[in-house]
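Student: What follows is a predicted structure for the sequence shown.
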Amino acid sequence: MARWALVTGAASGIGRATARRLVGAGWQVAAFDLHDQGMQDLGAALTGALDVRDPAAWSAAIDAVSRASGGALHLLVNNAGVGAGGWLEDVPAERLRAVLDTNLLGPMLGVQAALPLLKQTPGARVVFVGSMTGACGPPQVAAYAASKAGVRALAESLSAELSRFDVAVTHLMPGLVDTPLLDGGSFSGDAVDLRRGALLSPDAVAAEVLRERGPLHRPLGRDARGVVWLARWWPGLLRWGMRREVG
């Protein structure tokens with residue numbers, strides 16, 4: 001029986017790398033993004049447009065997967081995300097709403113829509129692509145960090161809830177990844193310099209999506225591992241460093 005995966009945000013970055021890795025590993029992939037351009041060369045079984053903020057769009061996407069797969073979904077990868085940078089008082093309310101609705105509400109709606117298929121698929125798994133910012137809340141990315149902290153809590157809750165149906169949950173917390181999210185005005189602000197230091201490749205994160213065994217929360221990259229360690233053992237030092245950076 002073919003294994004089926006649904007990947008959101010599949011037109012670029014981590015989503016695109018994940019879809020390509022899955023196809024290369026023999027999976028049947030349903031690749032979705034806000035717009036359906038840029039996915040023709042993925043080799044995916046299904047491609048289409050999906051606004052993860054829209055419950056009706058989720059229902060249509062899941063229906064398409066169900067018809068193609070015969071009612072199976074082995075892997076749901078909630079990857080789609082948007083950013084917002086700058087001092088909180090300068091970020092327009094509509095941008096704040098877009099970040100929270102895409103990054104946090106979107107994965108919730110995705111699990112709700114996909115659960116009937118996940119429940120009836122042995123060995124099913126849900127992957128949330130979060131961020132190390134969800135563990136530390138850096139300045140000038142407050143909305144983005146808040147949404148990713150919410151994703152971390154969501155994964156924690158669902159790891160318990162979905163165990164009723166033997167559906168596993170994985171939460172990835174990469175450091176900075178070399179994706180288009182860092183460009184194009186998604187993040188801006190005097191103190192935001194997201195392209196400094198070492199960046200993870202999208203493929204490095206995609207490889208972790210395919211690793212089935214491991215802890216629930218998985219920091220990826222040296223920066224992420226350091227931040228998560230400090231947030232647990234030396235939170236005061238972590239906050240001091242962020243305040244010093246802003247100052």
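Tutor: Arrived safely.

Student: Assess the claim that residue 47 and residue 39 are in contact.
Tutor: Yes: using C-beta atoms under 8 Å, residue 47 is in contact with residue 39, at 4.4 Å. (C-beta placed from N, C-alpha, C; glycine too.)

Student: Looking at the two, which one has more neighbours?
Tutor: Set residue 47 next to residue 39 and count neighbours by other C-beta atoms under 10 Å: residue 39 wins out with 24 against 21.

Student: quick one: the more buried one and residue 10 touch, right?
Tutor: Yes: if you go by C-beta under 8 Å, residue 39 and residue 10 touch, sitting 5.8 Å apart.

Student: can you list residues touching both of those two?
Tutor: The contact sets of residue 39 and residue 10 overlap at 16, 19, 31, 33, 47 (C-beta atoms under 8 Å, 6 or more residues apart in numbering).

Student: In a strand, the third one, correct?
Tutor: The one in question is residue 31. Yes: membership of residue 31 in a strand is supported by DSSP: H, G, I helix; E, B strand; the rest coil.

Student: For residue 216, give me phi and psi.
Tutor: Dihedral pair for residue 216: phi -60, psi -50, per degrees, to the nearest 10.

Student: who touches it in this structure?
Tutor: Applying C-beta under 8 Å, 6+ apart, the residues contacting residue 216 are 155, 156, 159, 169, 170, 171.

Student: What helices and strands are in contact with the longest helix seen in the chain?
Tutor: Identified as the longest helix of the chain according to DSSP state H is helix 142-161. Counting contacts by 3 or more C-beta pairs under 8 Å, 6 or more residues apart in numbering; DSSP states H and E, helix 142-161 is packed against helix 93-100, helix 106-119, strand 125-129, helix 133-136, strand 168-174, strand 217-220.

Student: Dump the ones you listed into JSON lines; add distance to residue 68, mean neighbour count and mean pLDDT as well.
Tutor: Shown next, in JSON lines, are these (distance: least, C-beta to C-beta, whole Å; neighbours: other C-beta atoms under 10 Å; pLDDT from 0 to 100):
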{"stretch": "helix 93-100", "distance to residue 68": "30", "mean neighbour count": "15", "mean pLDDT": "97"}
{"stretch": "helix 106-119", "distance to residue 68": "11", "mean neighbour count": "21", "mean pLDDT": "98"}
{"stretch": "strand 125-129", "distance to residue 68": "19", "mean neighbour count": "25", "mean pLDDT": "98"}
{"stretch": "helix 133-136", "distance to residue 68": "33", "mean neighbour count": "23", "mean pLDDT": "94"}
{"stretch": "strand 168-174", "distance to residue 68": "23", "mean neighbour count": "23", "mean pLDDT": "98"}
{"stretch": "strand 217-220", "distance to residue 68": "30", "mean neighbour count": "20", "mean pLDDT": "96"}
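
Student: May I have stretch 206-221 as PDB, with CA atoms only?
Tutor: Output in PDB follows, covering the C-alpha atoms of stretch 206-221 (Å, rounded to 0.1, in the frame of the first residue of the first chain):
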ATOM      1  CA  ALA A 206      13.200  18.000   5.500                       C
ATOM      2  CA  ALA A 207      15.400  15.100   6.500                       C
ATOM      3  CA  GLU A 208      14.100  15.400  10.000                       C
ATOM      4  CA  VAL A 209      10.500  15.300   8.800                       C
ATOM      5  CA  LEU A 210      11.100  11.900   7.500                       C
ATOM      6  CA  ARG A 211      12.700  10.600  10.700                       C
ATOM      7  CA  GLU A 212       9.900   8.800  12.400                       C
ATOM      8  CA  ARG A 213      11.600   8.000  15.800                       C
ATOM      9  CA  GLY A 214      12.700  10.700  18.100                       C
ATOM     10  CA  PRO A 215      11.500  13.100  20.900                       C
ATOM     11  CA  LEU A 216       8.400  15.200  20.500                       C
ATOM     12  CA  HIS A 217      10.200  18.500  20.500                       C
ATOM     13  CA  ARG A 218      13.300  18.500  18.200                       C
ATOM     14  CA  PRO A 219      15.600  21.600  18.100                       C
ATOM     15  CA  LEU A 220      17.500  21.500  14.800                       C
ATOM     16  CA  GLY A 221      20.900  23.200  14.400                       C
END
